[in-house]
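Student: This is a predicted model, with the sequence first.
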Amino acid sequence: MHSLSPGHLLAEARRVARRFPLPLLCAGLLAWAGCQAIRLTTGGDDPPGWVFPLLSASALGLPLSLALTLAAERYRWPRAGRGLALAGALGLLAGWYALAPALPGLVWGLRLAVLLLGLHLAVAAAPYLAELRRGADTPGFWRYNEALLVRLLTGGLYAGVLWVGGALALVAARELFGWYPDSNWFGYLFVGLAALFNTWFFLAGVPADLAALEQEAPYPKGLKVFTQFVLLPLVALYAGILYAYLGRILVRWELPQGGVAGLVLALAAAGIFAQLLIHPLRDHPAQAWVRAFARWFYRALVPLLGLLAVAIGVRIADYGITEERYFVGLLAAWLLGVAGYFGRRRGRGILWLPVSLAGLAFASAAGPWGAFAVAERSQLSQLRALTTRYHLLQHGHLDGASARVPNLPRRAHGRLASLFGFFSTREALAALQPQFAGSLALPDSLRRQSHWAQQQWRRYRPFDLSGFGYLETYELQAALHDAPDQADDYTNFYVRDTPRYYALGQGRYWLKNLGYATSPAADSTAPGRGEVLLALPVPEGTFRLLLTPAGDSLLLQQRPAAGAWRSQLRMGLRPTTDSLLRRYGRRRASTIDLPAPVVVRARAGRLQLHLFITSLISSRLSQEARYSYALEGELLIQPQGGLAGK
């Protein structure tokens, strides 16, 4: 065993870099993109359009390039073959980068998760695909995956300890030396350790000599104890609970609840994992319990799979196919095939587990047979059936349907709201466009606004066109299950988009929620910069309230019909702040109750601005003064040549 000297560690790091250059490049890009995502979203803003595509492409590229590298080593691909395979992988990743959205919705998030699952299973099986032609299991496959699992868990432990230690060091520097690091450093440290250190550590433990793994080796005693006395009793207990539930269903002759599907899948996963852990002991004369478990587990799983099939079938019959139900049904079919296969082979052929599951993952991620296309077609069919049954269409469109069918049953209203929500949350309103005369395309005025604002528009647009009321989550669930309302007579009136200002009449406007924070930098006095706090397109003209770059004043600007913005009024804030600090003094971590809001007034020509400071936070970090205000108040715009408000 080599001594863990710095020279040896450096040599190992270089060896890993030479053996796995592309996986390490992907890990580096993943770490960098993760840090950029943290930095660029700190203030709650949407990240730039390249962040998620690069982040996800790097995450996919790591296991993809690793699987190809291991396969090339195992089967001794020629240099040209390796280059062609890696070029194909880079092409696929470039295609993903080009097609991925700026922000992942439900569809792209699920697709990424499914592909990552398939690629990690490919890493587990790639060096042994040629063994599928053999009838017997190879010992090297189990020992290879044992080495990967142990290395992964060890690397996670090391990275976790390093993160805790680094985070405590940052806290100690703050407490002892008054150095206040950016809070993002905790995130940077986590991403760097998880993506780069953990990957490098894991790759250093990937077996290079696969032939040596075929030799006989003692089975880890601790693993045997854990599986036999911890994992298997839990699997048995879990199976007993599910069989008791199955018995109750048969006695009462009632349909199973939809939540039972997850419980059956969890039991299957735990049982298969236990079987894989004890697989090398199956032929040991003294370990008959291993063979008994491999023989009876899959037989016991079949009735529970029937329970799962009934539960998911009822949900599909009532509400159609969604991505979740698609994957549950796919896993149920896969488990039934696995139970039949291993039941005949008595637990042999474990290589087929990752290979078959990876194949299903790749097949379900895209294409007309994939989860997302099948779910969309199913939900569209549900919508057509619902609109036909209740005669909601006029000239083939849903626009104004609430006026034509004012007494739509509550359950049908809930189902319609659920269908609208399905397409809006997946940003797939284009699929509903043939059902509406009005446009479901995002307006140009919203394309530069936040993703949240765009999602809000998509959420309410089908309801606005059809005229049916939007249902909150609790209202939707009550409607779908036809549950009684909590109150016999309940009506909720609300303003969906609360305005930032109110017209009071005679040129008076109440301005609200003018909170902001200032953090002036060295170049904050550069001309032409500033933060728009409020836009005021009012009958008296087009105005806006602007925070100056230094953060010490507010500017009320007006833009003529043709021309640039012109400052009409200036309100100084820093003098008021400084006077409060002189009066009460700057104290460490203190809260001072003011007797009343602080009033700041400014007047210029026909404009008057009265603002009330309801909260002011002054802090100093690294010799930089920072102020956070909460303001509200009144703006008076007098008519041209007149004196309003006398």
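Tutor: Sure thing, it's come through.
Student: list the contacts for residue 471?
Tutor: 413-414, 417, 479 (Cβ atoms under 8 Å, 6 or more residues apart in numbering). C-beta coordinates here come from the backbone N, C-alpha and C atoms, glycine included.
Student: between these, which is closest to residue 262?
Tutor: Nearest to residue 262, judged by Cβ to Cβ, of the contacts of residue 471 is residue 414 at 23.3 Å.
Student: If we ignore the residues flanking it in sequence, what's nearest that closest one?
Tutor: residue 479 (2.7 Å; Cβ to Cβ, 6 or more residues apart in numbering).
Student: Pull the number of nearby residues for the one you found.
Tutor: Taking other Cβ atoms under 10 Å as the criterion, the count of residues near residue 479 is 21.
Student: Hmm, it is touching residue 409, no?
Tutor: No. In this structure, residue 479 is not within contact of residue 409 by Cβ atoms under 8 Å, at 9.2 Å.
Student: Tell me the spacing between residue 206 and residue 159.
Tutor: For residue 206, the distance to residue 159 equals 17 Å [Cβ to Cβ, to the nearest Å].
Student: And residue 475, by the same measure?
Tutor: The value you get for residue 475 to residue 159, if Cβ to Cβ is used, is 44 Å.
Student: Of those two, which one has the most company?
Tutor: residue 159 (21 against 18).
Student: Quick check: pLDDT value at that one.
Tutor: As predicted, residue 159 sits at a pLDDT of 96.
Student: now for the helix or strand harbouring it, which elements pack on it?
Tutor: If you go by DSSP states H and E, residue 159 is part of helix 139-177. Under the contact definition 3 or more Cβ pairs under 8 Å, 6 or more residues apart in numbering; DSSP states H and E, helix 139-177 sits against helix 106-125, helix 184-191, helix 198-204.
Student: May I see these organised as JSON lines, with mean neighbour count added?
Tutor: Shown next, in JSON lines, are the helices and strands packed on helix 139-177 (neighbours: other Cβ atoms under 10 Å):
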{"stretch": "helix 106-125", "mean neighbour count": "20"}
{"stretch": "helix 184-191", "mean neighbour count": "17"}
{"stretch": "helix 198-204", "mean neighbour count": "21"}
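Student: worst average pLDDT in these?
Tutor: helix 184-191 (a mean of 93).
Student: Report the angle between that helix and helix 139-177.
Tutor: 160 degrees (axes from the mean of the first three to the mean of the last three Cα atoms, to 10 degrees).
Student: Which strands and helices lie in contact with helix 184-191?
Tutor: Under the contact rule (3+ Cβ pairs under 8 Å, 6+ apart), helix 184-191 is packed against helix 21-40, helix 139-177.
Student: most packed of the ones you listed?
Tutor: helix 21-40 (a mean of 19; mean count of other Cβ atoms under 10 Å).
Student: what is the mean pLDDT for it?
Tutor: 94.
Student: Touching, residue 638 and residue 604? I think so.
Tutor: No. Applying Cβ under 8 Å as the test, residue 638 and residue 604 come out as separate, 11.1 Å apart.
Student: These two - which one has more neighbours?
Tutor: Ranked by neighbour count (other Cβ under 10 Å), residue 638 and residue 604 place residue 638 first, with 18 against 13.
Student: how close does that one get to residue 565?
Tutor: Residue 638 is 20 Å from residue 565, by Cβ to Cβ.
Student: Out of the helices and strands packed on helix 184-191, the one nearest residue 632 is which?
Tutor: helix 21-40 (30.1 Å).
Student: Identify all contacting residues around the closest one.
Tutor: With Cβ under 8 Å, 6+ apart as the criterion, helix 21-40 contacts 16-17, 47-48, 51-52, 54-55, 58-59, 61-62, 65-66, 69, 86, 89, 184, 187-188, 191-192, 195-196, 199-200, 203.
Student: Now list the buried members of those residues.
Tutor: With neighbours counted by 16 or more other Cβ atoms under 10 Å, the contacts of helix 21-40 contain buried members at 16, 47, 51-52, 54-55, 58-59, 61-62, 65-66, 69, 86, 89, 187-188, 191-192, 195-196, 199-200, 203.
Student: The helix or strand hosting residue 452: which residues count as buried?
Tutor: If you go by DSSP H and E, residue 452 is part of helix 451-466. Residues 454, 456-459, 461-463, 465-466 are the ones in helix 451-466 that count as buried (16+ other Cβ under 10 Å).
Student: What of stretch 474-482?
Tutor: 475-476, 478-480.
Student: With secondary structure and distance to residue 431 as extra columns, can I get these in TSV?
Tutor: Shown next, in TSV, are those (DSSP: H, G, I helix; E, B strand; the rest coil; distance: Cβ to Cβ, whole Å):
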residue	secondary structure	distance to residue 431
475	helix	25
476	helix	20
478	helix	27
479	helix	23
480	helix	22
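Student: Columns pLDDT on top of these, output as CSV?
Tutor: Shown next, in CSV, are these (pLDDT from 0 to 100):
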residue, pLDDT
475, 86
476, 87
478, 87
479, 86
480, 84
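Student: Show me which of the residues you listed is closest to residue 12.
Tutor: Of all those, residue 12 sits closest to residue 476, with 55.9 Å by Cβ to Cβ.
Student: That's all I had, so thanks and see you.
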